[in-house]
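**Q** Fold the following.
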Amino acid sequence: MNLKLMGLAFLLGISTTAAHAACNALTDVAGATNSGDEAVAKHLAADGDKAGCNSDDLALIDRIAALATFNRIVSAVGAGANLDGFESELQGVITETAAPWQVLDALGDINRDRRNYEAAARYYQMALEDSDNRLDGAGCRLYRPP
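**A** You can find the predicted model right below:
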């Protein structure tokens, strides 16, 4: 199965302005993800010092850590690996950290290729809804599994 993933290969940066300066974990997890250090990104999301982080920051930390895993999977698929082989890992990302639209879209692709169109449509719809979420100062509207 030769799939094209639309995704975020690297985070282009997290603002380090005064608004985020108090949450060092946010810039640390972005740095780990940008450098390809998935283990550090996951560790920071799970056990890092989150002093000074607000609820939006905490949600972004989890999402950025999830993208560290997604980026590795994108690289592997780009090098010829089969996306289908990463399904359980992508499901794990959703339950362990967060469900950014890129992960949901990849799960939709897996199910589409299996001709499980109902599941594919559900994942694609969740991806579309997640991609439309915005930080509005009143909190994130982020998909989290039940």
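**Q** From here on, just use CA atoms for contacts and neighbour counts.
**A** Noted.
**Q** Report the rounded mean pLDDT for the helix ranked longest in the chain.
**A** Across the chain, the longest stretch assigned as helix under DSSP state H is helix 55-78. Average pLDDT, helix 55-78: 93.
**Q** elements contacting whichever helix or strand comes after it?
**A** Per DSSP states H and E, the first helix or strand lying C-terminal to helix 55-78 is helix 87-96. In terms of contacts (3 or more Cα pairs under 8 Å, 6 or more residues apart in numbering; DSSP states H and E), helix 87-96 is packed against helix 55-78, helix 101-113.
**Q** could I get those helices as CSV with mean neighbour count and distance to residue 45?
**A** Formatted as CSV, the helices and strands packed on helix 87-96 follow (neighbours: other Cα atoms under 10 Å; distance: least, Cα to Cα, whole Å):
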stretch, mean neighbour count, distance to residue 45
helix 55-78, 21, 6
helix 101-113, 23, 17
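**Q** Now do the helix or strand residue 32 falls within against helix 55-78, angle only.
**A** Element membership for residue 32, per DSSP H and E: helix 24-34. Between the axes of helix 24-34 and helix 55-78, defined by axes from the mean of the first three to the mean of the last three Cα atoms, to 10 degrees, the angle is 10 degrees.
**Q** how far does helix 24-34 sit from the chain's center?
**A** Taking Cα atoms, centre = their mean, to the nearest Å, one finds helix 24-34 lying 13 Å from the centre of the chain it belongs to.
**Q** contacts for the helix or strand following it?
**A** The C-terminal neighbour of helix 24-34 among helices and strands, as given by DSSP H and E, is helix 38-47. Applying Cα atoms under 8 Å, 6 or more residues apart in numbering, the contact partners of helix 38-47 are 25, 28-30, 32-33, 61-62, 64-66, 68-69, 72, 97.
**Q** for these, which one is nearest residue 81?
**A** For the contacts of helix 38-47, the closest approach to residue 81 (Cα to Cα) belongs to residue 72, at 11.2 Å.
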